[in-house]
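S.K.: Okay, here's the prediction I keep looking at, along with the sequence it came from:
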Amino acid sequence: MSTNKIQLFENRKVRSVWDESAEKWWFSIVDVIEVLTGSDNPQVYWRVLKKRLADEGNETVTNCNGLRMQAADGNRIIKHQ
């Protein structure tokens, strides 16, 4: 069973999911980027960062799989963990 939660970090919302079977928390990378960078458009920030890392030969990004999380408007969208 997984449980969707909103975590707070410095009074900002970060979407997360608890995966009970794996005993792991998964966090929305876009939300984390927004909190840490203050970016007005964290989706673009993440997209540019992934491209730069891939161009440098960093394979970390290839290990980031999509995870469906509920958006602020109630839609379920894929966010990267």
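M.R.: Cool, got the structure.
S.K.: pLDDT on the longest helix anywhere in the chain, on average?
M.R.: As far as residue count goes, and with DSSP state H defining each element, the longest helix of the chain is helix 42-55. On average, the pLDDT along helix 42-55 is 90.
S.K.: what packs against that helix?
M.R.: In terms of contacts (3 or more CB pairs under 8 Å, 6 or more residues apart in numbering; DSSP states H and E), helix 42-55 is packed against helix 29-37. The way it works is simple: take the backbone N, C-alpha and C, and place the C-beta from them, glycine included.
S.K.: Centre of the chain to the helix it packs on, how far?
M.R.: In terms of CA atoms, centre = their mean, to the nearest Å, the centre of helix 29-37 is found 8 Å from the chain centre.
S.K.: and the angle from it to helix 42-55?
M.R.: Computed by axes from the mean of the first three to the mean of the last three CA atoms, to 10 degrees, the angle separating helix 29-37 from helix 42-55 equals 100 degrees.
S.K.: Around Trp46, how many other residues sit close by?
M.R.: Residue crowding around Trp46 was assessed by other CB atoms under 10 Å; the count is 21.
S.K.: Ok, the one 10 residues further on next?
M.R.: A total of 8 residues lie near Glu56 under the criterion other CB under 10 Å.
S.K.: Phi, psi for it please.
M.R.: Backbone dihedrals for Glu56, given as degrees, to the nearest 10, come out at phi -80, psi 0.
S.K.: Val35 contacts Val14, doesn't it?
M.R.: Yes. Assessed by CB atoms under 8 Å, Val35 is found in contact with Val14 at 6.2 Å.
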